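Asker: Any chance you could fold what I've pasted below:
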Amino acid sequence: MTELLPPRSRKVKILATLGPASSSPAMIRSLMMVGADAFRINMSHGDQQQKAKLVEAIRALEKEFGRPTTILFDLQGPKLRVGQFKDGKATLETGARFIFDQKDEPGDAQRVLLPHPELFDAVRPATNILIDDGKVRLNVVKVADGEIVCEVKVGGTVSDNKGVNVPDVLVPIPALTDKDRDDLKFALEQRADWIALSFVQRPEDVAEARTLIGDRAALLAKIEKPAAVDRLNDIVALADAVMVARGDLGVELPPEQVPPLQNKIVATARQYGKPVVVATQMLESMITSPTPTRAEVSDVAKAIYDGADAVMLSAESAAGKYPCEAVQMMDRIAVSVERDPSYQERVHFTQIRLEATTADALAGSARQIASTISATAMLCYTSSGSTARRIARERPPVPLLAMSASLHTSRRMGLLWGVHAVHTRDVSNFEEMVEKAKRMALRHQIAKGGDRVIVMAGIPFGKAGSTNVLHVVRLIGDELDRYSGN
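Answerer: Numbers count the residues shown, from 1 in each chain. This next block holds a predicted model:
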């Protein structure tokens with residue numbers, strides 16, 4: 001018999017990135033056991049054959065533990081880089097002139113190839129150009145004759161192929177490169193649950209990816225460019241979820257602007273009822289240390305207090321020395337925050353405006369009813385996941401057991417706040433729905449005999465977005481023994 005993995009004792013989800021430190025089936029299993037709810041496969045590193053093995057290992061856990069496993073493929077996106085230098089590197093002096101050109105020749109302390117002709121038409125005098133995550137900063141003086149002439153504002157050593165950021169302009173480069181298109185095709189063949197789109201600048205970037213993906217996977221837009229922040233509402237409306245990608249945001253914007261932007265992105269996503277992931281440098285010191293800094297702990301806690309659906313580990317779980325310890329620490333922080341008596345008040349600081357629909361009205365009412373009657377859990381049936389998303393947006397005080405006859409829907413719910421997803425056979429009538437919901441609550445340890453739970457669903461069954469029933473029931477301890485099947 002399948003060994004069911006007990007539900008988490010927290011509602012925020014943990015997204016763990018896989019990499020050299022966590023590529024073996026045994027380590028992936030360990031990460032899931034200690035708290036990873038979803039796995040990120042970064043297409044910036046490694047080859048597709050390696051990624052296929054990761055998918056196989058993750059899906060094996062689904063069968064072992066009877067829990068849908070969630071896989072997010074993160075596309076690399078376009079990378080702006082300088083060319084190469086005669087000696088492999090060059091030192092740019094503060095106050096000196098430096099030129100980016102289109103000459104395919106090794107560079108030096110005066111010039112280097114910038115193999116992105118689009119930028120020569122996009123930048124203007126006073127545009128800032130950053131190299132190597134902002135360690136070296138230049139300001140454009142003039143653009144003429146195939147050259148971008150700059151003044152070095154913050155000098156330093158630049159080596160071959162270092163990254164370039166241009167925060168002041170909308171870079172005229174599509175979010176999907178040829179590599180991304182090939183990786184996307186591969187990810188969809190691997191039945192990815194989520195696709196993360198990098199380098200999003202405009203709603204059109206999301207729309208293009210949506211056209212290619214269709215309904216084969218859910219689409220997460222990474223907010224990492226200032227241009228994306230300017231079009232945030234339009235991008236969130238088109239995407240299925242968003243990520244606060246603080247790494248590039250922190251490079252292209254002054255660091256003090258990132259925390260309020262994080263608040264804005266989280267609040268906007270919640271208003272639209274879309275999952276939101278907070279990522280980058282959350283427990284950075286645990287790449288080399290078994291314990292985090294106090295500041296990192298507070299950073300993770302803030303994201304949870306803000307109401308993020310998920311928090312993400314990057315190099316901590318992908319390449320660090322302590323991948324399991326990093327997941328365990330994230331879990332412990334989340335449990336501690338959610339036990340704080342002020343947590344429910346803090347997580348509802350963002351005002352959610354309900355739409356004038358039956359489904360929204362019931363989702364909003366269910367949270368209040370759960371508090372009033374001291375319900376132990378909410379249970380819902382969903383074909384598309386929309387019911388679960390609506391309920392999760394309300395951040396109810398109790399966990400949500402979301403049942404679906406669609407395995408794809410069940411897997412995608414792994415990024416939803418407070419949701420324990422179950423893949424189960426469909427039901428044909430209201431009475432069968434209630435009985436199965438009660439049985440699943442007991443079997444998956446969401447509730448126990450004597451508890452009151454709230455059941456939500458849509459009638460007729462199987463019609464997406466038709467949530468129109470809210471039913472309160474009390475569980476009987478022997479109900480699990482009286483029924484069989486799933």
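Asker: from here on, contacts and neighbour counts on C-alpha atoms
Answerer: OK.
Asker: Show the backbone phi and psi for residue 327.
Answerer: Note on residue 327: backbone dihedrals following degrees, to the nearest 10 are phi -60, psi -40.
Asker: For it, give me its contacts.
Answerer: Contacts for residue 327 (Cα atoms under 8 Å, 6 or more residues apart in numbering) come out as 14, 16, 31, 34, 35, 36, 313, 317.
Asker: now swap in residue 71 and tell me
Answerer: Here residue 71 is in contact with 38, 39, 40, 41, 55, 58, 192, 193, 194, 411 (criterion: Cα under 8 Å, 6+ apart).
Asker: Show me which pair in those is furthest apart.
Answerer: 41 and 411 (15.2 Å; Cα to Cα).
Asker: Show me the protein divided up by domain.
Answerer: 13-77+174-340, 89-165, 358-482 (automatic domain parsing).
Asker: May I have the secondary structure class of the nearest residue to residue 333 once chain neighbours are set aside?
Answerer: Nearest non-adjacent residue to residue 333, counting by Cα to Cα, 6 or more residues apart in numbering: residue 301, 6.5 Å away. Recorded secondary structure, residue 301: helix (DSSP: H, G, I helix; E, B strand; the rest coil).
Asker: Please verify my assumption that residue 301 contacts residue 334.
Answerer: Yes: look at residue 301 against residue 334 with Cα atoms under 8 Å: they come within range, at 6.9 Å.
Asker: Between these two, which is the more surrounded one?
Answerer: residue 334 (24 against 20; other Cα atoms under 10 Å).
Asker: Can I take it that that one is in a helix?
Answerer: Yes: secondary structure of residue 334 (three-state DSSP): part of a helix.
Asker: In contact with it, which residues?
Answerer: Counted by Cα under 8 Å, 6+ apart, residue 334 has contacts 10, 12, 301, 304.
Asker: Can you get me a residue count around residue 457?
Answerer: That count, for residue 457 with other Cα under 10 Å as the rule, works out to 26.
Asker: elements contacting the helix or strand harbouring it?
Answerer: Using DSSP states H and E, residue 457 falls within strand 452-458. Packing partners of strand 452-458 (3 or more Cα pairs under 8 Å, 6 or more residues apart in numbering; DSSP states H and E): helix 358-372, strand 377-381, strand 467-474.
Asker: most neighbours per residue, which of the ones you listed?
Answerer: strand 377-381 (a mean of 26; mean count of other Cα atoms under 10 Å).
Asker: helices or strands next to it in the packing?
Answerer: By 3+ Cα pairs under 8 Å, 6+ apart, strand 377-381 packs against helix 386-393, strand 400-404, helix 430-443, strand 452-458.
Asker: Let's see that with 7 Å instead.
Answerer: strand 400-404, strand 452-458 (3 or more Cα pairs under 7 Å, 6 or more residues apart in numbering; DSSP states H and E).
Asker: I'd like to know which of those lies nearest to residue 154.
Answerer: If we rank the helices and strands packed on strand 377-381 by Cα to Cα, the stretch that ends up nearest is strand 400-404, at 51.2 Å.
Asker: Quick check: the nearest residue to residue 359 once chain neighbours are set aside vs residue 20, distance?
Answerer: Of all residues not flanking residue 359 in the chain, residue 467 sits nearest, at 4.9 Å (Cα to Cα, 6+ apart). Distance, residue 467 to residue 20, using Cα to Cα, to the nearest Å: 44 Å.
Asker: which one among the contacts of residue 327 gets closest to residue 82?
Answerer: residue 313 (28.6 Å).
Asker: what bridges to the closest one?
Answerer: residue 16 (DSSP bridges).
Asker: tell me the pLDDT at it?
Answerer: Reported pLDDT at residue 313 in the predicted model: 98.
Asker: you'd agree it is up against residue 17?
Answerer: Yes: using Cα atoms under 7 Å, residue 313 is in contact with residue 17, at 5.9 Å.
Asker: who touches both of these two?
Answerer: With contacts defined as Cα atoms under 7 Å, 6 or more residues apart in numbering, no residue is shared by residue 313 and residue 17.
Asker: circling back to that earlier point, can you give me every residue that contacts the residue nearest to residue 359?
Answerer: Contact analysis of residue 467 by Cα under 7 Å, 6+ apart lists 358, 359, 387, 457, 458.
Asker: hang on, the earlier thing: how close does the residue nearest to residue 333 sit to residue 331?
Answerer: 11 Å.
Asker: helix or strand for residue 210, which one?
Answerer: Assigned by DSSP H and E, residue 210 falls in helix 203-213.
Asker: wait, I meant residue 49
Answerer: helix 48-65.
Asker: Now do the buried residues in that helix.
Answerer: 51, 52, 54, 55, 57, 58, 61, 62, 65 (16 or more other Cα atoms under 10 Å).
Asker: wait, isn't the fifth one in contact with residue 23?
Answerer: If I follow you right, that is residue 57. No: with contacts counted by Cα under 7 Å, residue 57 stays clear of residue 23, the gap being 8.9 Å.
Asker: Report how many residues lie close to the residue nearest to residue 166 when sequence neighbours are not counted.
Answerer: Distances taken as Cα to Cα, 6+ apart put residue 129 closest to residue 166, at 5.0 Å, once the chain neighbours are dropped. Residues within reach of residue 129, counting by other Cα under 10 Å, total 22.
Asker: so residue 129 makes contact with residue 141?
Answerer: No: between residue 129 and residue 141 there is no contact, the gap being 11.1 Å when judged by Cα under 7 Å.
Asker: which one is residue 154 nearest to, not counting chain neighbours?
Answerer: Counting by Cα to Cα, 6+ apart, the residue nearest residue 154 is residue 137, at 4.9 Å.
Asker: meant to ask about residue 174
Answerer: Nearest one to residue 174, counting by Cα to Cα, 6+ apart, is residue 205 at 6.9 Å.
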